[in-house]
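**Student:** predicted coordinates and the sequence they were generated for:
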Amino acid sequence: MAGANLRDSNVEPAPALQDLAKLNGLLCGGCGQRYAAPAYYCERCGGTTLGPTELSSRGEVYSYTTIYVPPEGFEGEAPYDIAVIDLEDGVRATGRLGRVPDHPIDIGSRVEFVRADDRGLLFRPVW
């Protein structure tokens, strides 16, 4: 699959967000690799048989940053945090972090999935 121009092929990106109340991802039918983001093909084996799967809803913050100057459409939400989350099932997901007063987020903080919407995935801290 390396070097293929997938945008010109008949392969459609597999949907990842069928049920917005669950953290859904993709499962490669060829090798079992799981993904949190939509994909055209499996990065591990090159397969195109990607189907929906439910991912773990809990994990910990691997890395994060605070957005102070937001892109268009997010102006009223700044500052807000975006994080890379290591889910309990080994999948890595990127999403927004809900802020809780007096409970700062740090690398290694435990979080749980709240919902998916048109702005992406939302996680919140858990103690």
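**Tutor:** Ah, there it is. Just so you know, these numbers come straight off a predicted model, no measurement behind them.
**Student:** may I have the longest strand anywhere in the chain as PDB, with CA atoms only?
**Tutor:** Criterion DSSP state E: the longest strand present in the chain is strand 58-67. Taking C-alpha atoms only, strand 58-67 is exported to PDB below (Å, rounded to 0.1, in the frame of the first residue of the first chain):
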ATOM      1  CA  ARG A  58     -10.500   5.400  30.100                       C
ATOM      2  CA  GLY A  59      -6.800   6.300  29.800                       C
ATOM      3  CA  GLU A  60      -4.100   8.700  30.800                       C
ATOM      4  CA  VAL A  61      -2.700  11.900  29.400                       C
ATOM      5  CA  TYR A  62       0.400  11.200  27.300                       C
ATOM      6  CA  SER A  63       0.900  14.800  26.300                       C
ATOM      7  CA  TYR A  64      -1.200  18.000  26.100                       C
ATOM      8  CA  THR A  65      -1.100  21.600  25.200                       C
ATOM      9  CA  THR A  66      -3.300  24.600  26.000                       C
ATOM     10  CA  ILE A  67      -4.700  26.600  23.000                       C
END
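**Student:** tell me the buried residues in it?
**Tutor:** For strand 58-67, the neighbour count (16 or more other Cβ atoms under 10 Å) marks 58, 59, 61, 64 as buried. (C-beta placed from N, C-alpha, C; glycine too.)
**Student:** repeat for stretch 31-43
**Tutor:** Using 16+ other Cβ under 10 Å as the test for burial, stretch 31-43 gives 33, 34, 35, 36, 39, 40, 41, 42.
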